[in-house]
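[1] predicted model and sequence follow; I will ask about them next.
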Amino acid sequence: MQLSIIIVNFNVKYFLQQCLYAVQKAINTIDAEVFVVDNNSTDGSVAYLQPFFPWVKFIQNKENIGFGKANNIAFAQAKGEFILFLNPDTIVPEDCFTKCIAFINKQTNCAALGIKMLDGQGHFLPESKRSFPSPITSFYKLIGASYLFPTSKHFNKYALGYLDKNKNHEVDVLAGAFIMTRKELLDKIGVFDEKFFMYGEDVDLSYRLQQTGLKNYYFADSCIIHFKGESTKRGSLNYVKMFYEAMSIFVSKHYKGSYATIFSSTIKIAIWIRAVLSLLKRLFTKISLAIIDSLVIYFCIWLVKTAWVTYIRHGNEFLQNIVNTITPIYVLVFLTAAAFAGMYDNLYKPVKAIAASLVAIVAGLAVYSLLPENVRFSRGVILFGGITSGFMLIFYRWVLTKMGLIKETDEENKMQQTVIVGTIEEYTNAFNLLKTVNKQERVLGRIDVLNEPNGNSIGSFNQLQKIIETLKIKEIIFCGGTLSYQQIINQVQQLSGKINFRFYENESSCIIGSDSKTATGEILNTEVVYSITNPYQARMKRVVDIFTALFILVTFPFQLLFIKKTANAILNALKVLIGKNTWVGYANLTPTLPVLKPAIITHYGIATKKKQFANTNVLEKLDFMYAKDYHWLQDVKSIINSYKKLGG
């Protein structure tokens, strides 16, 4: 056996499916075996993948035992002369493994080999080559200095940013996403240290490999795609925490005395700095926009008030200061409505700004109507001030979008700007998959790869860059099949930074991609998309829960007339208010549906503790339809229709 490939999976079945198709082609001329160790995934990975890949040796763990320990389990069964530890969210070209094995055999001092890696957008991943951590290099990494000065030998020594990424180099540390070495060497020094759970084990293994007197190599003559961020959001505070813990284990294991103390203290300081920076970044993206929105509203209402006084009241000021009285209420209502509408999730969505403005205008006029006659000012100022601020909010966000300061996340901007690269058959299959998720309208046409007659293509593969520029294409879906992964990866490198990439294997049931190395990628598949998991719908469900609970608690004496078991209803309201329960939910516990809090009543109006008069299959179908087509108004309707049963 020449090669044993070991892949550890945790809840990334669609990325792993694409990975295994690429691996299958790359081992076509190699005597190889492939292990997939599943760390107790909850997405049904093994059951889904086994029918596609009967030649893969699947190992199922009953719990998530960590990256290193899972690899070690498969290594104990491996028989290959060479061992490759490979991440599940990768795509390898067809000649990758043969080139890597040839390079190791050619070198007389090679301990292990890592490879040039690109993210899902074609950008080079700096962790492809690294040095061993030191107090200062870890400090610079954690505070972000290495990102500000990527080619600096001083600030980015950890990622060896000063070394040419397109040339082979001796390096210290290899990335755990792709490490190839000889089995006999691992038999001597051991595989992964199981003290490390997810990060740091590759650093530790690289260190022990070099302790043998051999060298680790960064290999640039082949290149893989590593989507990254699929198992852990790498920009998150949790990633920073896990990285710190891993470095602490590494330091305590390999460094002694005062150096280890300095190293540990430096990392602790850096972790706090990074935590503050992460918090500020999160606040800026959402809270700063809310602050700007507030200032814009204040300015617009002041402007309308000034114009009203000048031209309508002929210079006569209002008795009350409208800017300081009604405007704070207007701003508060607007921000609340905007947040619940998802205006700060999608940074440029005009319809949401208009909707939030209308809610604020209505609320402002309602408050105005309740004011005593002697303190009223002008409904016209509220109305026109609200309208003006609404349009101004849309305009300034549009300007920020054009300047590239905020993202244009409106899905409509992808319409008619996607092309599918593949044969007629591959195009048809990919298009039909897009059709199942209602995204077929964004496809402009097909890029031909075989010069097929009557293919209705908009151009050929060698014209791709020109087509992108002419038609302003924003997204490419590459079909793996006729087109080799080597050709696809070459195109991704050439077009990096200009476009979004998606990948589809003709035999698969999904299209994958990733537009950011710090966030989970996009997956389009034929599986059901549940509306109840939509952030807006989930948020509004919680709003309905809270308002209903508060209404019952505030009007408690009157509920004796309307709700049976009123005392239970009060208790239920308290449970819903603290988030322990929800008012409306499933009739049956079905593990395949999105998880909801325990419900007081079912979506069709029966108290959940009462005996259901339908069989289990019927209940599961009803629950499925509720989750799939969920809208928060359904809960409102159910609560109104079954109000007397809220004490159930």
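    Now that the structure is in, tell me what you want to look at. Residues are numbered from 1 along each chain as shown.
[2] now Glu505. Its backbone dihedrals?
    Dihedral pair for Glu505: phi -100, psi 130, per degrees, to the nearest 10.
[3] my read: it touches Gly481, true?
    Yes: with contacts defined as CB atoms under 8 Å, Glu505 counts as touching Gly481 at a distance of 6.8 Å. (C-beta placed from N, C-alpha, C; glycine too.)
[4] with neighbour numbers in mind, choose between these two.
    Legend: neighbour count by other CB atoms under 10 Å for Glu505 and Gly481, higher for Glu505 (27 against 19).
[5] and the more buried one, what's its pLDDT?
    Glu505 is assigned a predicted lDDT (pLDDT) of 91.
[6] what sits against it?
    Gln17, Gln18, Tyr21, Cys479, Gly480, Gly481 (CB atoms under 8 Å, 6 or more residues apart in numbering).
[7] between those, which is closest to Tyr630?
    The shortest approach to Tyr630 among the contacts of Glu505 belongs to Gln17, at 28.0 Å (CB to CB).
[8] taking the contacts of Glu505 one by one, which sit in helices?
    Gln17, Gln18, Tyr21 (DSSP state H).
[9] wait, what's in contact with the first one?
    If you count contacts by CB under 8 Å, 6+ apart, Gln17 has them with Tyr48, Leu49, Phe52, Glu505, Ser508, Cys510.
[10] redo these as JSON lines? Include distance to Tyr368.
    Formatted as JSON lines, the contacts of Gln17 follow (distance: CB to CB, whole Å):
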{"residue": "Tyr48", "distance to Tyr368": "58"}
{"residue": "Leu49", "distance to Tyr368": "62"}
{"residue": "Phe52", "distance to Tyr368": "64"}
{"residue": "Glu505", "distance to Tyr368": "61"}
{"residue": "Ser508", "distance to Tyr368": "59"}
{"residue": "Cys510", "distance to Tyr368": "54"}
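[11] filter these down to the ones in helices?
    Among the contacts of Gln17, DSSP H puts Tyr48, Leu49 in helices.
[12] which among the contacts of Gln17 end up buried?
    Using 16 or more other CB atoms under 10 Å as the burial test, these include Tyr48, Leu49, Glu505, Ser508, Cys510 as buried.
[13] not counting residues beside it along the chain, what's closest to the first one?
    When you say that, I think you mean Tyr48. Using CB to CB, 6 or more residues apart in numbering and skipping residues adjacent in sequence, the residue nearest Tyr48 is Lys13, 5.2 Å away.
[14] number of residues surrounding that neighbour?
    When neighbours are counted by other CB under 10 Å, Lys13 registers 21.
[15] and it, what does it touch?
    By CB under 8 Å, 6+ apart, the neighbours of Lys13 are Ser41, Asp43, Gly44, Ser45, Tyr48, Leu49.
[16] could I get the residues you listed as TSV with distance to Trp302 and pLDDT?
    Supplementary listing: the contacts of Lys13 in TSV, determined by distance: CB to CB, whole Å; pLDDT from 0 to 100:
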residue	distance to Trp302	pLDDT
Ser41	56	89
Asp43	53	82
Gly44	57	86
Ser45	58	89
Tyr48	59	90
Leu49	61	94
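[17] list just the nearest of those residues to Leu370.
    The closest of the contacts of Lys13, once distances to Leu370 are taken by CB to CB, is Asp43, at 52.2 Å.
[18] next one: phi and psi at the closest residue to the closest one other than its chain neighbours?
    Excluding its sequence neighbours, the residue lying closest to Asp43 (CB to CB, 6+ apart) is Asn11, at 4.9 Å. When read as degrees, to the nearest 10, the backbone of Asn11 gives phi 60, psi 30.
[19] do I have it right that Asn11 meets Ser45?
    Yes: with contact defined as CB under 8 Å, Asn11 reaches Ser45; the gap is 7.0 Å.
[20] more neighbours: the two, which one.
    Regarding Asn11 and Ser45, a neighbour count based on other CB under 10 Å identifies Ser45 as having more, with 24 against 18.
[21] the more buried one and Phe15 touch, don't they?
    No: Ser45 is beyond contact range of Phe15, at 10.2 Å (criterion: CB under 8 Å).
[22] any idea how far the residue lying closest to Gln559 once chain neighbours are set aside is from Asn581?
    Nearest residue to Gln559, sequence neighbours excluded (CB to CB, 6+ apart): Thr566, at 5.1 Å. Taking CB to CB, to the nearest Å as the measure, Thr566 falls 17 Å from Asn581.
[23] name the residue most distant from the centre of this structure?
    His314 (55.8 Å; CA atoms, centre = their mean).
[24] phi, psi of that residue?
    phi 50, psi 40.
[25] gap between it and Gly190?
    His314 is 89 Å from Gly190, by CB to CB.
[26] which stretches in the stretch 501-648 of the chain count as strands?
    Under the criterion DSSP state E, counting those that start in this stretch, the stretch 501-648 of the chain contains strands at 510-513, 522-525, 582-585, 599-602.
[27] looking at these, which is closest to Asp635?
    Ranking those by proximity to Asp635 (CB to CB) places strand 582-585 first, at 4.3 Å.
[28] quick one: strands adjacent to the closest one?
    Under the criterion DSSP bridges, strand 582-585 sits next to strand 599-602 (parallel) in its sheet.
[29] quick one: low-confidence ranges for the stretch 301-450 of the chain?
    The model of the stretch 301-450 of the chain has pLDDT under 70 over residues 319-320, 322-323, 345-349, 371, 373-377, 402-416.
[30] that one: helices as residue ranges?
    Ranges of helices within the stretch 301-450 of the chain are 322-341, 350-370, 379-402, 424-436, based on DSSP state H, counting those that start in this stretch.
[31] can you add distance to Ala290 and give the ones you listed back as a markdown table?
    A markdown table is the format used below for the helices of the stretch 301-450 of the chain (distance: least, CB to CB, whole Å):
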| stretch | distance to Ala290 |
| --- | --- |
| helix 322-341 | 6 |
| helix 350-370 | 11 |
| helix 379-402 | 11 |
| helix 424-436 | 35 |
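[32] give me the three-state assignment for the residue nearest to Phe149 when sequence neighbours are not counted.
    Nearest residue to Phe149 in three dimensions, chain neighbours excluded: Phe155, at 4.1 Å (CB to CB, 6+ apart). What DSSP: H, G, I helix; E, B strand; the rest coil gives for Phe155 is coil.
[33] tell me what the helix or strand containing Val37 is packed against?
    According to DSSP states H and E, Val37 maps onto strand 32-38. In this structure, strand 32-38 packs against strand 3-9, helix 13-26, helix 45-49, strand 57-60, helix 67-75, with contacts taken as 3 or more CB pairs under 8 Å, 6 or more residues apart in numbering; DSSP states H and E.
[34] which neighbours does it have in its sheet, and in what orientation?
    Strand 32-38 has these strand partners (DSSP bridges): strand 3-9 (parallel), strand 57-60 (parallel).
[35] how about residues contacting the longest one?
    Okay, so that is strand 3-9. 16, 19-20, 23, 27, 30-39, 41, 45, 67, 70-71, 74-75, 78-88, 97, 101, 183.
[36] where do the strands sit along the stretch 151-300 of the chain?
    Counting by DSSP E, counting those that start in this stretch, the strands of the stretch 151-300 of the chain are 169-171, 178-182, 215-226.
[37] ok, Leu550 - contacts?
    Leu550 neighbours (CB under 8 Å, 6+ apart): Ala573, Leu577.
[38] since that was my last question, I'll sign off now.
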